[in-house]
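Engineer: the sequence isn't on hand, but the structure is:
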């Protein structure tokens, strides 16, 4: 751990640019776990009624009514998108990136980066946002902020159900709304999504060479084609690049990057805190 931390610290210091790839493990390290005590805290009634064990599987459960489905989803959105205390994990990461030309590519949909001070123009949420709704069909390619509606649903629901009049309806076709989360080809890539994608492409063009650190945080093998494989490929193509991964139980790199990789199998929160503490110590 000590040697790996030193390598990562040196890679951060030497990097001219840093591309962060953030997966579910980063949110987990910040305390946003989908099961256990946290699930019971928000969803004990759903767990008892349907023998559910975590928020992820509960999102796919065939609830008997739209009112009950949105009873679950409004609470799910609320606890993962709006009921967010400051995250020291994200704050430490932002401090470590200070002064670097960085960009964040993430499959997370909880908005934790922006809510903890990361500038919007340096973020690309590829898989959607808990804070947005879209037409379920979809009849048009636009998304809608849901905060006011979600807070009202949470406040007014009874017996796991929201009032029928609060069910979200598409303002264009009148049909049901859905989460703006990538699950199939109905996912809406709206104007904001395309603008973020363009900023990401521009960043990649500017940093095809030079001392680039590809920093992977909490990325597993669920969707490796979005972050993991592209990071490996870009690092392999740039002889001055370093690939680093921090992931508890799943930190590895291909053999081709063995001499230019840092793999830390440990808790992300602990690693970022240690890096920030070390940076502060060096600067004193």
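Structural biologist: Arrived safely. Given the structure is predicted, the values throughout are model-derived calculations rather than measurements.
Engineer: partner residues bridging the closest residue to residue 65 other than its chain neighbours?
Structural biologist: Excluding the flanking residues, the one nearest residue 65 by Cβ to Cβ, 6 or more residues apart in numbering is residue 161, at 6.8 Å. Just so you know, the C-beta spots here come from the backbone N, C-alpha and C atoms, and that holds for glycine as well. Partner residues in beta bridges with residue 161, using DSSP bridges, are residue 158.
Engineer: what's the local residue count around residue 161?
Structural biologist: 20 (other Cβ atoms under 10 Å).
Engineer: residue contacts, it?
Structural biologist: 65, 67, 68, 71 (Cβ atoms under 8 Å, 6 or more residues apart in numbering).
Engineer: gap between the residue positioned nearest the centre of the chain and residue 190?
Structural biologist: Nearest to the geometric centre of the chain sits residue 108, at 1.8 Å (Cα atoms, centre = their mean). Distance, residue 108 to residue 190, by Cβ to Cβ, to the nearest Å: 18 Å.
Engineer: for the worst-scoring helix or strand of the chain on mean pLDDT, packing partners?
Structural biologist: Lowest on mean pLDDT, DSSP states H and E among the helices and strands of the chain sits helix 268-283, with a mean of 86. Applying 3 or more Cβ pairs under 8 Å, 6 or more residues apart in numbering; DSSP states H and E, one finds that helix 268-283 makes contact with helix 2-14, helix 24-29, helix 88-97, strand 242-246.
Engineer: most tightly packed of the ones you listed?
Structural biologist: Ranked by mean neighbour count, the helices and strands packed on helix 268-283 are led by strand 242-246 with a mean of 25 (mean count of other Cβ atoms under 10 Å).
Engineer: can you give the strand pairings for that one, parallel or anti for each?
Structural biologist: Partners of strand 242-246 in its sheet, by DSSP bridges: strand 212-217 (parallel), strand 261-264 (parallel).
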